[in-house]
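S.K.: Attaching a predicted model along with its sequence, questions to come.
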Amino acid sequence: MVTVNDFAASIPVAWCPGCGNFAILQALKKTLVDISLEPNQILFVSGIGQGPKLPHYTQGNVFNGLHGRSLPAATGAKIANHELIVIGIDGDGGAYGEGIGHLLAAMRRNINITYLVHNNQVYGLTKGQASPTSDLGFVTKTTPLGASQPLNPLALALASDVSFLARGFTGDIEHLSKLLKMGIEHHGFALIDILQPCVSFNHKNTFQWYRERVYKLEDKGYESSDKTAAMTKAQEWGDRIPIGVIYRQERPVYEEQFPALKVAPLVKQNINPLKFEALLNEFE
Amino acid sequence: MTLRLNIMAGGEAGQGVQSVGMILAKAMARGGLHIFADQDYESRVRGGHNFFRIRVSGSKVLALSEKLDILVALNNETIELHTGELKDDGIIIYNEEQTKVEAKGNKYFNVPLVRLAEDTVQNKLMSNTVAAGAVIGLTGCDFDLLATVLKQEFARHGEKVAKENVVAAKAGFDFAREHGKRKSGKTTQLLSGSKRRLLLNGNEAIALGAMVGGCKFIAGYPMTPASSILEYMADKGQQYGVAAVHVEDEIAAMNMAVGAAYTGVRAMVATSGGGFCLMVEGLALAGMTETPVVAVLGQRPGPATGLPTRTEQGELWFALHSGHGEFPRAVLAPATAEEAFHAIIKAFNLAEKYQTPVIVLTDHHLASSYTTVDRFDLKQVKVDRGELLSNKEADRITDYKRYLVTNSGISPRALPGQGKALVVTDSDEHDEAGHMIEDAETRNQQNLKRLRKNNGLKKGIIKPKFHQEFDAELTLIGWGSTYGAIKEAAVLLKKDGMAVNTLHFSEIWPFPAEAVSSVLKKVRKSIAIEGNATAQIAGLIRRETGYKVDSTILKFDGRPFSPEEIVGRLRKEV
């Protein structure tokens, strides 16, 4: 039996005290224990940012790659060894800025990975610049005239026919953990946008600010299989912010379309040059 | 007598120029002849001017030759542009009804291509096949060779279509036999050689070699001249255990390949210069994370979009320096399709042995030219996966160090999910366990460890081929796809009483500096012959050995060198 100790960090954690990332780490460890995953069954793939350092602070296989490029690396890894449980981790900069094209492609494909986006509406690692989800008019060193209209990741996800979409809040670890569990167990691509206040650089969207606004969809009898209703919920922001499962559907999973993967994971298939004699004949 | 025959088919895009050319090339290859064929086309789907050249020989040929024996003109433009390339006794096959050319003299041979197609199979679209039949008729080749190829090529369209093509071809063949004999003078009976060879282009050789060498993952975004590698592997991979992903962009392609390779499969990308530009951040990621990935860079004229359907050797320095920071790499530049097959396999072996990226540098000319090669001996293919831990070993280790500091710089590699060993990898500088660090000492250790892999990598690179002639005044230096043209230019020069040495690079980095220095000490005058405007191999030789190449013959108009052009420019410019 795995316990939360099996996921304990082996190196010191370098986040600011009070950072929302601690809650995500805690919720994730709890989830992994709940669903009895061993560290060696998991592959964390992350990019660059404060949130994407998370895999170093727990136990598992880790591919901490480039800013905004975690999803392609995760996709390659999943296709190469589909037995791995692949969990992608990025911030709002990597996921919705630098890597937005990859996110849309990953959702369209419906590769079976779970993608956690630590969305604090600001850049933490580079110290306080606007992010794609910063509120309109958010003034920072790079946006002295105020940030542009924020990108709506949930609406974009729905437009890309995402198969699992949820929003969590770091102020409710139990609830977040349930969403993570559903996301990991979902067969297909799962995007979990996590509202994660930045205590150092975002003095607007604070814990308090979110607490006053978030409400749980499941408390309102919301039906997560209705895409039109989901699109409406995806637009809701401001006085009231919905959290929970926004949308869920079953559709064909990307890696399962490859005939090559049906026998065994690619990585477990031997290399045998001799099996290509028949292909050579085609060039005669 | 050695048979030599140059055939060209020309017409608009969409007229089936390439299919006539390929059918002829295949038929002749089946007749035991050696082939070198290439196509010249524009970046458009319809219209424009395209041609397909086939050089047929009784002995091995690796380059084009300029003078034509037979020109198949499917439109006026072909006649206008290429009549000047005909030999004195050359002939033009044309169709009076299609081309309104004033045909005068013996060299014009009117074959009613469309009418014969309509009369025999009631389908004028098969006039191309009639033309192929006419060429075979003129050359004196056995019709059965053509019939076999047609049946094979059209099999996927059904038996009826295949049969009709044979009938159409026979009509052209008979017409040429009956009416063309006197005109031709080319009715040399071909030796029905029994040796079956493969006819393939550089990209096919690479795709095939990659699969034979165990590549199980390719990601790519279509870009000339590399697209057909992804297409071939996407097609055959279904049956042969390869996953091919058509990605959103080249950034994704490289990062996916790195992700797949980290997980433990042989993974590659194939692109051209513009796509490779997008990939280089990921290339550096492979360098930092010590992930074995293979990139095929098929050059075309740049900068930017350049001449999309043409050839150049302008990206040698780019390949050498692509990616930020310092990390080991190998750059291979196969000279022929045959070498390309072996080079891609070697690239995977080097990449896995040294856990670092390897670039296979080709170009449009190599990628799209067809040559006959002896069947590859698959029993001779060596697969070296380097220091991979066994499942047992990987399961025993609980504190696995992915980046263990060693003398060779190579750290034993475990794969994620292979056992208890957790594989931690970071694009940040990291410690032996793979966790990010910032201290100077660890940084130095890891950076030096990575760069130490160069020592081993160097030994894996073969020195350039030096062909020495007694008392030669000149040494011709080349790299990559110019090999055939330079080699044949040397033969022509020798016939002309001017023997020259040749020095040719098929593997470029790590640079075999000592071997090159010792060769260059012996030569009198050296000339670099390159498909670029800045003499990149000459510059590299200077940088790595201090030797200054005396002179250059450079070409950057997007067209490949022919042996005749090299000889002509050598006489004029040097």
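M.R.: Everything's here; your move. Residues are numbered from 1 along each chain as shown, chains lettered A, B, ... in the order given.
S.K.: How about the residue in the stretch 401-550 of chain B positioned nearest to chain A, nearest residue that isn't a chain neighbour?
M.R.: Of all residues in the stretch 401-550 of chain B, the one sitting closest to chain A is residue B:416 (3.6 Å; C-beta to the nearest C-beta). To be clear about C-beta, it is placed using only N, CA and C from the backbone, and glycine gets the same treatment. Spatial nearest neighbour of residue B:416, chain neighbours left out: residue A:61 (3.6 Å); criterion: C-beta to C-beta, 6 or more residues apart in numbering or on different chains.
S.K.: next one: residue B:381
M.R.: Using C-beta to C-beta, 6+ apart, the closest residue to residue B:381 is residue A:273 (4.0 Å).
S.K.: correct me, but the one you found touches residue B:213?
M.R.: Yes - here residue A:273 reaches residue B:213: they are 7.1 Å apart, a contact under C-beta atoms under 8 Å.
S.K.: if you count what's nearby, which of the two comes out ahead?
M.R.: Using other C-beta atoms under 10 Å in any protein chain shown, the more surrounded residue of residue A:273 and residue B:213 is residue B:213, with 24 against 20.
S.K.: my guess is the more buried one meets residue B:344, correct?
M.R.: Yes - in terms of C-beta under 8 Å, residue B:213 counts as a neighbour of residue B:344; the distance is 6.3 Å.
S.K.: For residue A:273 and residue B:213, list the residues in contact with both.
M.R.: Taking C-beta atoms under 8 Å, 6 or more residues apart in numbering or on different chains as the contact rule, residue A:273 and residue B:213 both touch B:381, B:383.
S.K.: how about the residue nearest to residue B:416, what does it touch?
M.R.: Residue A:61 neighbours (C-beta under 8 Å, 6+ apart): A:39, A:40, A:42, A:43, A:44, A:84, B:416, B:417, B:422, B:423, B:424.
S.K.: Which residue is the nearest non-sequential neighbour of the last one?
M.R.: Meaning residue B:424. residue B:434 (3.2 Å).
S.K.: Identify the residues contacting that neighbour.
M.R.: By C-beta under 8 Å, 6+ apart, the neighbours of residue B:434 are A:62, B:401, B:402, B:403, B:423, B:424, B:425, B:426.
S.K.: The third one - how many residues pack around it?
M.R.: Residue B:402 has 26 neighbouring residues, counting by other C-beta under 10 Å.
S.K.: so is the nearest residue to it once chain neighbours are set aside in a helix, a strand, or just coil?
M.R.: With C-beta to C-beta, 6+ apart as the measure, residue B:434 is the residue that lies nearest to residue B:402, at 4.6 Å, once sequence neighbours are left out. When classified by DSSP: H, G, I helix; E, B strand; the rest coil, residue B:434 comes out as coil.
S.K.: so where's chain B shaky on pLDDT?
M.R.: B:1-2, B:103, B:181-194 (pLDDT under 70).
S.K.: so what's residue A:237 up against?
M.R.: Counted by C-beta under 8 Å, 6+ apart, residue A:237 has contacts residue A:152.
S.K.: Up against chain B, what does the stretch 101-250 of chain A have?
M.R.: A:101, A:102, A:104, A:105 (C-beta under 8 Å from any C-beta of the partner chain).
S.K.: Skipping its backbone neighbours, what lies nearest the second one in space?
M.R.: So that's residue A:102. Per C-beta to C-beta, 6+ apart, closest to residue A:102 is residue A:71, 4.2 Å.
S.K.: Near the one you found, how many other residues are there?
M.R.: 34.
S.K.: Check the one 3 residues further on too.
M.R.: Residue A:74 is surrounded by 31 other residues when neighbours are defined as other C-beta under 10 Å.
S.K.: contacting residues around whatever residue of the stretch 101-250 of chain B ends up closest to chain A?
M.R.: Using C-beta to the nearest C-beta, residue B:214 is the residue of the stretch 101-250 of chain B that sits closest to chain A, at 3.3 Å. With contact taken as C-beta under 8 Å, 6+ apart, residue B:214 is in contact with A:271, A:273, B:266, B:348, B:383.
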